[in-house]
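Just a sequence and a predicted model for now, questions to come.
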Amino acid sequence: MREKSILTDVGSMTLPHRLRYMFEQVRGYELIGSRNHPADFNLVRAEYINTRVRVLALLFSILTPLWIPVDYFILPESSFGMMAAARLLFSLSLLALWVKASYVFSLRHARFRLLMLMVIPALFHLSAQFILGEHLSDARLASYTFLPFLIITIHCVFPLTLREGSLLALITIFTLSLDELIQRQMFTLASLNNLWLLAVIMSIAIWAQLSQLHMQLKLFEQATTDALTGLLTRRAFMSLAESELSRSERYNRTLTMALLDLDHFKVINDTYGHQAGDKVLVTFSRQLKDVLRATDIIGRYGGEEFIIVLPETRLDEAEQVIQRVLDTCRETPVQYGNHSIRLTASAGLGEVLVDVQTSILYIDEALYQAKDSGRDRIIKVAGERKLLTE
């Protein structure tokens, strides 16, 4: 019935809305901007971008001065000294970029360093245009005219969103075109031809950026998302929970955690089969997403056990939230074939006061107390008991 209603809804949409719906289904918005990207993925991508920036910066900082002896033989004597100085300054700038990017993994800093990796060579190209001037028509100096295309090609090696790639492309091409703009030669046939070629290569580079980003998103999703329920895997959950604990300690905020277990799940598997059990897990996961906030962290801890972190939520508030989860579970039977499977769940609940792993141990004990006390209930962990580990 649900599939039918979705098809009916899509069929009744206007063409623009239908195209937008289809675009959302293939998750195209993830390629346009990073607003909906998971925080962990942003950190991974930032580290990936920083690593490549460092490698390329170090490579060019080493190779650039090595061309000075070649310049000595092919450049006019009047230009050699200035070009050698420009090469050394360019090399030192990239070396500084390599050093500075060593331990910074935020996406904002990664973007800035990537921008510098493109702007610094573009400024070097601009300085070469001014220093060499009319000598660039010499066939022996053809390598200097290839630099803009090399800079554009470097864009291919970074996983960027459409917004990031397009903005970086505009800034890079604008910087590369400053010489023509200053000399008012921007709209000559030769300049327009070069600009068109740069734009074509840049379009291919942006396509490569989006392809890399799409692949990274898919790999990240497979590594961090439980295939059946769509919730976080245990490992991904623990990583996010540790980050959230650090944030709560930094800002002196309350952090609450809950462990939930479906009651008599083995009986459901034995009675109706594993496919019915899978449907129960998927249904309960959907209920968790519906009841909880977008800021809450939900993971599948193992089997029929689920784990939740509720940031900036006091214990009494968290108890009300988890009670709503248990009520929804109890009041919403799962339809499987001709069978209506009724569910209940038990929960252990407590504040995270020491560390995530220790808190899980005590909350897990509370969960088993809830099981032993008759199921379909919440048992809270006493704060004093958790403090015994300190």
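Received it, and whenever you're ready, just let me know what you need. Residues are numbered from 1 along each chain as shown.

Name the SS class of A258, please.
strand (DSSP: H, G, I helix; E, B strand; the rest coil).

What is the burial count for it?
By the criterion of other Cβ atoms under 10 Å, A258 has 27 neighbours. Quick note: C-beta positions are derived from backbone N, CA and C, even for glycine.

contacting residues for it?
307-308, 310, 318, 322, 347-349, 363 (Cβ atoms under 8 Å, 6 or more residues apart in numbering).

What's the first helix or strand after the lengthiest helix in the chain?
The helix spanning the most residues in the chain, taking DSSP state H as the definition, is helix 189-224. Scanning forward in sequence from helix 189-224 by DSSP states H and E, the next helix or strand is helix 234-250.

and that next one, which residues are buried?
Buried positions in helix 234-250, judged by neighbour count with 16 or more other Cβ atoms under 10 Å: 236-241, 244-245, 248.

Over to stretch 342-362?
By 16+ other Cβ under 10 Å, the buried positions in stretch 342-362 come out as 343, 345-354, 356, 359-360, 362.

Can you tell me which of the residues you listed is closest to I173?
Top of the list for closeness to I173, among the buried residues of stretch 342-362 and by Cβ to Cβ, is V356 at 47.3 Å.

same for the strand or helix carrying E365, what does it pack against?
Using DSSP H and E, E365 sits in helix 356-372. When contacts are defined as 3 or more Cβ pairs under 8 Å, 6 or more residues apart in numbering; DSSP states H and E, helix 356-372 sits against helix 234-250, strand 255-262, strand 345-351, strand 378-380, helix 383-386.

Please name whichever of these is nearest to Y301.
Per Cβ to Cβ, nearest to Y301 of those: helix 234-250, 5.7 Å.

Direction-wise, compare the closest one with helix 189-224 and give the angle.
100 degrees (axes from the mean of the first three to the mean of the last three Cα atoms, to 10 degrees).

C-alpha coordinates for helix 234-250, CSV please?
C-alpha atoms of helix 234-250 as CSV (Å, rounded to 0.1, in the frame of the first residue of the first chain):
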residue,chain,number,x,y,z
ARG,A,234,28.3,0.4,16.1
ARG,A,235,31.7,1.7,15.1
ALA,A,236,30.3,4.8,13.5
PHE,A,237,28.1,5.5,16.5
MET,A,238,30.9,5.2,18.9
SER,A,239,33.0,7.7,17.0
LEU,A,240,30.1,10.2,16.9
ALA,A,241,29.2,9.6,20.5
GLU,A,242,32.8,10.3,21.6
SER,A,243,32.8,13.6,19.6
GLU,A,244,29.5,14.6,21.2
LEU,A,245,30.8,13.8,24.6
SER,A,246,33.8,16.1,24.0
ARG,A,247,31.5,18.8,22.8
SER,A,248,29.2,18.5,25.8
GLU,A,249,32.1,18.6,28.2
ARG,A,250,33.5,21.7,26.4
